[in-house]
Each structure stands twice: as structure tokens, then as C-alpha cells.
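> Quick one, what's the 3D model for this:
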Amino acid sequence: MNESKIRSCTPSDLPALKALIEATGLFPSEALDDMVSFETPPAGADEPREFWLVHDDGDGIAAVAYCAPERMTVGTWNALLLAVHPDRQGRGIGAALMAHVETVPIARDERVLLVETSGTAEFERTRGFYARIGYEREAVIRDYYDASDDKVVFRKAL
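Modelled structure (predicted):
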């Protein structure tokens, strides 16, 4: 197997990202068409910009992450998506990708990174993952995604 590489997402990655999202069952993969932005910030742009990263393990895209500045805040970012292909989970890929995600707001001297996930039993492993990599459970918004599907917010000071 080739060496793993974390890099920015490119338009040619979209089919692999859709296959990854389908494999995880997080949401319908066609939603990516409206979510993924490949726009490059103008030269000299100083404002914080959302970003997409992929983890390419040499056998294809193993994971994807999406992070954006939180609107109407100063120094708060939100990691809105982290997905690791089920066949590649448990190998440290998600932790490596999140560590890389954190470097972007840290380099900008930002303050906080949030992560949101579901409170259902299916996401228990996900919540445990975020706790293991240093995120603190900050809030629960009951019935957020649907009846009996809470939003659980994790926080990490940068």
C-alpha cells in the first residue's frame, strides 16, 4: 500500500466521495453536489474560508472532512463532516484527518472547533471517538434532527 496523504479535495474526487458517503450511510450521496465547493479564495483573501480535505491511502479516498467558520462568531469553527470508509475504520485515519483539520484554524489563531453529531445509539461509537481525540461534550439539543434524535455538540479549545 502507498503512503497515506491528506490533501485538499478536487473536483475529480467527487465520484469517490459519493461512494464513500454511500458506504457510510450518513446521508444521500447526491447531497454532496450542493455541498462541496472547489472555489479557490482570491489571492490575498484574508477572510476564513470553508475547506474540504480527503485522506487518500493509496487505494483511493479513505476519508473526507469538511470544516467551516461558524457564522456570526469570532474565532469559532465547525467540523461539519468527518466520514471514514467502513472498511478502513479503526486504523487511526479519522484521528489523523481531524488533527489535520485542526491545523487550519490553529494557523489562523482561531479559538474553538466544534463538532456536531447525532445522539442516537448508532452514533455512540462516533461520540466516543470525539471524546478520545480530546473533544469535550458541550451541549445536547433534544429532538434536533428528528423526534428522539438529539444533536450532541463537542468542543475543543484551540
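
> Show me the protein divided up by domain.
For the chain, automatic domain parsing gives the domain ranges 5-110, 118-158.

> Can you add mean neighbour count and mean pLDDT and give these back as JSON lines?
Yep, even glycine has a C-beta here, placed from its N, CA and C like the rest. Below are these laid out as JSON lines (neighbours: other CB atoms under 10 Å; pLDDT from 0 to 100):
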{"stretch": "domain 5-110", "mean neighbour count": "15", "mean pLDDT": "87"}
{"stretch": "domain 118-158", "mean neighbour count": "14", "mean pLDDT": "97"}
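
> Parallel or antiparallel, list what pairs with the helix or strand hosting residue 116.
Per DSSP states H and E: residue 116 is located in strand 112-118. Paired neighbours of strand 112-118 in the sheet (DSSP bridges): strand 76-84 (parallel), strand 149-157 (antiparallel).

> Select the longest helix from this structure.
helix 93-107 (DSSP state H).

> Contacts for that helix, please.
4, 6, 48, 51, 53, 55, 57, 62-63, 65, 67, 69, 75, 77, 79, 82, 84, 113, 129, 132-133, 156, 158 (CB atoms under 8 Å, 6 or more residues apart in numbering).

> Which members of the residues you listed occur in strands, if any?
Residues of the contacts of helix 93-107 located in strands (DSSP state E): 6, 51, 53, 55, 62-63, 65, 67, 69, 77, 79, 82, 84, 113, 156.

> Quick check: the farthest pair among these?
Longest distance between any two of these is 26.0 Å, between 62 and 69; criterion CB to CB.

> For residue 157, see how far away the closest residue to residue 75 other than its chain neighbours is.
Once flanking residues are discounted, residue 75 sits nearest to residue 111: 3.6 Å by CB to CB, 6 or more residues apart in numbering. Residue 111 sits 7 Å away from residue 157, going by CB to CB, to the nearest Å.
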